[in-house]
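J.: Build me a structure from this.
(one chain, ligands or ions: 1)
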Amino acid sequence: MLNVGIIGCGKIAEVRHAPEYLENPSCNIVGFFDEIPARAESYAEKFGGKAFNTIQELLNSGVDAVSVCTSNTTHAEISIQALNAGVHVLCEKPMATTLEDCQKMVEAAERNGKFLMIGQNQRLAKAHVKARKLIESGEIGKILTFRTTFGHPGPENWTGQKNSWFFDKTKAAFGAMADLGVHKTDLIHFLTGDVITEVTAQLGTLDKKYPDGTPISVDDNAYCIYQTRGGIIGTLHVSWTFYGDEDNSTVLYGTDGVIRCYDDPKYSLIVEKRDGGRAYYILDQMTSNKEQTSGARTNTGVIDTFVNCILTNTPPAISGREVMKAMKVIFAAEESAQNGKKVTVVQD
Ligand SMILES: NC(=O)c1ccc[n+]([C@@H]2O[C@H](COP(=O)([O-])OP(=O)(O)OC[C@H]3O[C@@H](n4cnc5c(N)ncnc54)[C@H](O)[C@@H]3O)[C@@H](O)[C@H]2O)c1
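T.: Predicted coordinates:
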């Protein structure tokens, strides 16, 4: 039995981490910590375990693993504290807010012999897993280009707070580019088996405002042109201002055909072969913010994957070291947008 704790008792802990630990028969929820004590207390009441007064108290309670579900700028410090206490960490995305912090997190995991996994759940979505297998087997030949999109009406609809911390640069550090862009950037690495090395980006604050009417201090839209080491060129568009249904689609174009992931309301995966052949798969639909905030139960598999890695002593595929490659691209996109120039990303 794995003893687990959760640090940060907000929305993602409520709809994903706590219920998915609860549903996993190999887990025992020891307790919660939040800087707002009442939140930890209410989560302990709802999901079991106890509310701790400090992070260290939670880490000293015999937990084997913790989820870090706090706002972005605190991820590195809390994850490193937990890893140094000999506890495995599942940290929410974006992994951290500087490259130095990402590196320190990876070093802390390796120094302490503990796993650091990042909550890049898009890698586990069924159509993405299937698409990866098809691409690996050569179904659409050599990938030439792609377009990937993640847009929804904004994080204030997710947390239910009009003046969301997601809009506060001191807590979020970045806007839509890091919040949504890291999901799709990491996904492109996963699907293509390649790594992005050139980035041209434009970031904008097009619509979101603070209650006093001034524009928010982080981007609400980002548009990037990516080039991989292997020469694939594609685009990423992420947005907090898609005021209709969520768009979570990725399309890959190869020499022998096209793969569409979550680009159709019915078929989560479509393969269009250059020779005219077609295959339509009904696998799952991406869990949308709308669905999760409506109280519908979904299981992303992120907790089961993390728990399984620990129980079988298998290093996570979605490790801090792996996700750092996507974080480097995010930092490069910020730099490109500021300088108006293409930025080269130094990848391992
Ligand atoms: N993987 C995904 O798809 C996904 C989806 C949503 C959010 N997230 C990530 O999860 C994290 C949390 O987001 P959320 O939507 O749950 O936000 P939220 O505001 O609902 O919850 C954050 C919680 O963390 C607490 N907190 C903040 N700083 C703390 C600290 N230093 N110590 C203890 N508690 C602290 C807050 O009091 C709050 O209860 C963010 O980094 C976000 O990017 C990931």
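J.: which secondary structure elements does the strand or helix carrying residue 335 contact?
T.: Secondary structure assigned from DSSP states H and E places residue 335 in helix 320-339. Judged by 3 or more C-beta pairs under 8 Å, 6 or more residues apart in numbering; DSSP states H and E, helix 320-339 is in contact with helix 99-112, strand 116-118, helix 176-179, helix 181-192, strand 196-204, strand 221-228, strand 343-344. Glycine gets a C-beta too; all of them are placed from N, C-alpha and C.
J.: Quick one: closest of these to the ligand.
T.: Shortest separation from the ligand across the helices and strands packed on helix 320-339 is recorded for helix 176-179, at 5.7 Å, computed as C-beta to the nearest ligand atom.
J.: In this structure residue 242 contacts residue 153, no?
T.: Yes: using C-beta atoms under 8 Å as the test, residue 242 is close enough to residue 153 to be in contact (6.3 Å).
J.: Tell me which residues of the helix holding residue 335 come out buried.
T.: For helix 320-339, a neighbour-count test (16 or more other C-beta atoms under 10 Å) marks 320-334, 336-337 as buried.
J.: and the stretch 1-150 of the chain, which of its residues are near the ligand?
T.: Within the stretch 1-150 of the chain, the residues that sit near the ligand (C-beta under 6 Å from any ligand atom) are 7-13, 33-36, 39, 69-72, 74, 92-93, 119, 121.
J.: if we go to 8 Å?
T.: 7-14, 16, 33-36, 39, 55, 69-72, 74-75, 77-78, 92-94, 119-122 (C-beta under 8 Å from any ligand atom).
J.: In helices only, show me those residues.
T.: 11, 12, 39, 55, 75, 77, 78 (DSSP state H).
J.: Kindly reformat these as CSV containing neighbour count.
T.: As requested, those are arranged in CSV below (neighbours: other C-beta atoms under 10 Å):
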residue, neighbour count
11, 17
12, 20
39, 18
55, 23
75, 27
77, 16
78, 20
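J.: Quick check: the farthest pair among those?
T.: Farthest pair in these (C-beta to C-beta) is 11 and 77. Separation: 21.0 Å.
J.: so residue 164 makes contact with residue 156?
T.: Yes: using C-beta under 8 Å, residue 164 is in contact with residue 156, at 4.5 Å.
J.: higher neighbour count, these two?
T.: More neighbours surround residue 164 than the other of residue 164 and residue 156, with 20 against 16 (other C-beta atoms under 10 Å).
J.: Where does pLDDT dip in the stretch 151-300 of the chain?
T.: For the stretch 151-300 of the chain, the stretches flagged by pLDDT under 70 are 290, 292, 294-297.
J.: Closest residue of it to the ligand?
T.: For the stretch 151-300 of the chain, C-beta to the nearest ligand atom, closest residue to the ligand: residue 159, 4.5 Å.
J.: same question, the stretch 201-348 of the chain
T.: Scanning the stretch 201-348 of the chain for proximity to the ligand using C-beta to the nearest ligand atom identifies residue 302 as nearest, at 7.4 Å.
J.: returning to that earlier point: which among the residues of the stretch 1-150 of the chain next to the ligand end up buried?
T.: Buried by 16+ other C-beta under 10 Å: 7-14, 16, 33-34, 39, 55, 69-72, 74-75, 77-78, 92-94, 119-122, out of those.
J.: returning to that earlier point: does at least one residue of the helix holding residue 335 sit close to the ligand?
T.: No: using C-beta under 8 Å from any ligand atom, helix 320-339 stays clear of the ligand, with a minimum separation of 11.4 Å.
J.: what angle do that helix and helix 181-192 make?
T.: Going by axes from the mean of the first three to the mean of the last three C-alpha atoms, to 10 degrees, helix 320-339 is angled at 120 degrees with respect to helix 181-192.
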